[in-house]
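Novice: Give me a model of this one.
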Amino acid sequence: MKSIKVFEAYFYWYAEQCIEGGYIVTINERKALRGILQAFIEGKSIMIFGGNGTGKTLLFELLKRIVHPKSGLKFRSRNVLDTVLDFNTRGHECFRDDQKSSVFYDDLGSEDRGYWYGDKVEVFEKLIQFRYDNWRSNNLRTFFTSNLTLDELLTKYGSRCRYRIKEQYYQVVLNGESKRNLKNFKGFAPINHKTILSKEDAEWNAYYEAHKKQRQNMPVQEIKGGIGSQLKKQWEDLNKDKHEATRI
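Specialist: So this is what the prediction gives:
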């Protein structure tokens, strides 16, 4: 996992590629942004509140592009209005489209109610509960932005969501000057993500391949030195402890 200082520097570097002069924030905004980035790399779900144009959506658009496509931090983006329209056609089944992914929903609370067999349904009340269960079972995250306050969301979706939101989400209010009409926005710059294996990664991959061959009763070449062999010993010690515990 990247340290917050490294990830924060990477975020601001990429923002400079997209925005002339970079992602300019006040001291208070920088503190809030650091908290968001910290929560993001720690694998937490995030819910950001704030007024129009405070950079909530832009933040996630930047994050989505700097994350490696094979990283566990990657996520999909979904439109809340499209989600409701999809629900009107397929019902709760549409939630399952993303049950194996982390998802970002922008502008929570702006959508209308959905309809299912003639009944009005608060779709995102159901979705918040579905994503909560998915988070508890599979540790898959959900990200929301909203122009409403938490109390306004709870009035809309009901008090049942209160404890789920409190338990699951890192919550933050993002205020400041509007970033919606950035005249210096150059567009999202492409990033050439490369898979760079360190020496330790290479040794661990070599041990993993050797372990697969061993399970298939194939010849195994001994691996020496480095953290790869250390991990191998830890793995063997762990299995040894399990066998001894079984005998006891």
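Novice: Only C-alpha atoms from now on, for both contacts and neighbour counts.
Specialist: Fine.
Novice: what about the strands in this structure?
Specialist: 45-49, 76-79, 103-106, 114-116, 119-121, 142-146, 169-173 (DSSP state E).
Novice: Just the residues contacting the fourth one, thanks.
Specialist: Translated: strand 114-116. With Cα atoms under 8 Å, 6 or more residues apart in numbering as the test, strand 114-116 has contacts from 84-85, 87-89, 91, 120-123.
Novice: now swap in the fifth one and tell me
Specialist: The contact list for strand 119-121, computed with Cα under 8 Å, 6+ apart, reads 113-115.
Novice: Just checking: what are the partner strands of it?
Specialist: Using DSSP bridges, the strands paired with strand 119-121 are strand 114-116 (antiparallel).
Novice: Give me the distance between the strand it pairs with and the centre of its chain.
Specialist: 28 Å (Cα atoms, centre = their mean, to the nearest Å).
Novice: Ok, stretch 160-172 next?
Specialist: 16 Å.
Novice: Going by neighbour count, which residues in that stretch are buried?
Specialist: 161, 165, 168-172 (16 or more other Cα atoms under 10 Å).
Novice: As JSON lines, the strands of the chain with mean pLDDT would be great.
Specialist: Formatted as JSON lines, the strands of the chain follow (pLDDT from 0 to 100):
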{"stretch": "strand 45-49", "mean pLDDT": "97"}
{"stretch": "strand 76-79", "mean pLDDT": "95"}
{"stretch": "strand 103-106", "mean pLDDT": "98"}
{"stretch": "strand 114-116", "mean pLDDT": "95"}
{"stretch": "strand 119-121", "mean pLDDT": "95"}
{"stretch": "strand 142-146", "mean pLDDT": "98"}
{"stretch": "strand 169-173", "mean pLDDT": "96"}
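Novice: TSV please, covering those strands and showing distance to Asn184.
Specialist: Putting these into TSV (distance: least, Cα to Cα, whole Å) gives the following:
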stretch	distance to Asn184
strand 45-49	24
strand 76-79	24
strand 103-106	23
strand 114-116	38
strand 119-121	42
strand 142-146	24
strand 169-173	25
